[in-house]
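K.L.:
Would you be able to build a 3D model of this:
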Amino acid sequence: MVHVDNVNILGGSVQTVKGNVAAVVVDSEENGLEVNVDKTKYMVMSGDQNVGRSDSLKTHNSSCERVEQFKYLGTTLTNQNSVQEEIKSRLKSRNACYHLVQNILSPSLLFKNIKIKIYRTVMLRVVLYGCETWSLTLREGCRLRVFENRVLRGVFGVEREEVTWQWRKLHNEELNDLYCSPNIVLVIKWRRTRWVGHVARMGGRGEVIQGFGGETSRKETTWKTES
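P.N.:
Have a look, this model is predicted:
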């Protein structure tokens, strides 16, 4: 995959990647370009962390650095194919975004429907960037719900008790009723489903279909698994 001056080389084995890297080096030299070894990194994605330890990736007799994670097009990729680091990164970006709009989301400044629109169009877009490829666990889903409830409490403010006449924070159930929209976990599931449908409509084009481990057909509604 090529994006501007970045080249991302994928392969099912170390040997495949080495062959592809060698081809890129040769093609680059033929066109008057040079691969920057200092900026070239490689990562082995496997549940077994010992895989590929004895192998190394070299260009021009210089070894490339092996990393456990790196960021590509704004998305954090890890050697264990985990989304935990990506969610942490997204939530950190959310914190910076929240501080920028915190004064706007103050209870008395704007109407609540305007605040909700700001949350959906600004903050939610920052957090959910690339969520179509996330595989959420219960723990990660809870972290995202905690984030959303925190924002919604800032939007809807506090409530006065009828009996004690004291101010209190709104409960999660009350926030859900006031929000009147699917929570952040449901939004992620919907976006993943939409992305899968988009990939399925591609038919047999591209390498994306192979990532699902099967074939698809426009006339069929179920996946064909390989035997």
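
K.L.:
For the most centrally placed residue in the chain, give its distance to residue 77.
P.N.:
For the chain, residue 130 is the residue whose C-alpha lies nearest the centre (C-alpha atoms, centre = their mean; 3.7 Å). Distance from residue 130 to residue 77, counting by C-beta to C-beta, to the nearest Å: 10 Å. (Glycine included, C-beta is placed from N, CA and C.)

K.L.:
hmm, back to that, for the closest residue to the residue nearest to the centre of the chain other than its chain neighbours, name its beta-bridge partners.
P.N.:
Leaving aside its sequence neighbours, residue 130 sits nearest to residue 75 (C-beta to C-beta, 6 or more residues apart in numbering; 4.6 Å). Beta-bridge partners of residue 75, counted by DSSP bridges, are residue 72.

K.L.:
quick one: residue 75 and residue 83 touch, right?
P.N.:
No. In this structure, residue 75 is not within contact of residue 83 by C-beta atoms under 8 Å, at 9.6 Å.

K.L.:
Next, show the common contact partners of those two.
P.N.:
Counting by C-beta atoms under 8 Å, 6 or more residues apart in numbering, the contacts common to residue 75 and residue 83 are residue 133.

K.L.:
These two: who's more crowded?
P.N.:
A count of neighbours by other C-beta atoms under 10 Å puts residue 83 above the other of residue 75 and residue 83, at 20 against 15.

K.L.:
Which residue, other than its chain neighbours, is closest to that one?
P.N.:
residue 134 (4.7 Å).

K.L.:
Next, find the distance separating that neighbour from residue 81.
P.N.:
Distance from residue 134 to residue 81, by C-beta to C-beta: 11 Å.

K.L.:
Of those two, give the one with the bigger neighbour count.
P.N.:
residue 134 (19 against 11).

K.L.:
need the contact list for that one.
P.N.:
Residue 134 sits next to 83, 86-87, 140, 188, 192 when contact means C-beta under 8 Å, 6+ apart.

K.L.:
With residue 189 as the reference, measure out to it.
P.N.:
Here the criterion is C-beta to C-beta. By it, residue 134 lies 10 Å from residue 189.

K.L.:
Now the common contact residues for those two.
P.N.:
Common contacts of residue 134 and residue 189 (C-beta under 8 Å, 6+ apart): none found.
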